[in-house]
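*Asks:* quick check, what structure comes out for this input:
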Amino acid sequence: MALVRDAESAAGSSRWLPTHVQVTVLRASGLRGKSSGAGSTSDAYTVIQVGREKYSTSVVEKTQGCPEWCEECSFELPPGALDGLLRAQEADGAPAPWASGSNAACELVLTTMHRSLIGVDKFLGRATVALDEVFRAGRAQHTQ
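*Replies:* Sure, this is the predicted structure:
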């Protein structure tokens with residue numbers, strides 16, 4: 001975590017904001033198989049992305065729509081990633097003086113793919129989590 005001071009730093013006011021996010025990929029559910037039909041399986045893996053950083057889980061072979069990984073990774077948040085959260089914390093709604101990054105919300109994107117031995121891997125599903133909403137909600141663990 002990083003200590004971020006606002007314009008009232010002389011008065012001793014300060015705010016803590018996270019600089020990293022830790023992600024645990026437990027499982028996916030409701031994925032379509034690599035081909036249509038009953039009993040279709042896939043060799044699934046998930047690519048987790050925050051900003052430009054990416055992490056890929058191991059491949060779970062021959063799964064029928066509910067692969068399980070239980071893998072963890074950690075990402076450093078890009079500079080200015082939580083500027084929207086800072087602005088929401090400001091009493092007057094004005095941009096914080098230290099907020100110099102882009103206005104785009106920082107998102108955690110999880111994309112699940114089928115590993116194909118020949119040709120291009122196939123898309124199975126995607127989930128997106130807005131990190132500013134997660135951090136605004138507090139320190140509790142969040143499952144999505």
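*Asks:* isn't there a helix covering Phe135?
*Replies:* Yes: under DSSP: H, G, I helix; E, B strand; the rest coil, Phe135 falls within a helix.
*Asks:* burial measure for it, as a count.
*Replies:* Under the neighbour criterion other CB atoms under 10 Å, Phe135 is assigned a count of 18. (Each C-beta comes from the backbone N, C-alpha and C, glycine too.)
*Asks:* what sits against Val133?
*Replies:* Careful, residue 133 is Glu and not Val. By CB atoms under 8 Å, 6 or more residues apart in numbering, no residues touch Glu133.
*Asks:* need the contact list for His20.
*Replies:* 74-77.
*Asks:* tell me the one among the residues you listed nearest to Ser116.
*Replies:* Phe75 (26.9 Å; CB to CB).
*Asks:* beta partners of the closest one?
*Replies:* Val21 (DSSP bridges).
*Asks:* was I right to think it contacts Val23?
*Replies:* Yes: counting by CB atoms under 8 Å, Phe75 does reach Val23; the two are 7.0 Å apart.
*Asks:* how much space between the residue nearest to Glu53 when sequence neighbours are not counted and Leu26?
*Replies:* Residue nearest to Glu53 in three dimensions, not counting chain neighbours: Phe75, with 5.1 Å by CB to CB, 6 or more residues apart in numbering. Taking CB to CB, to the nearest Å as the measure, Phe75 falls 17 Å from Leu26.
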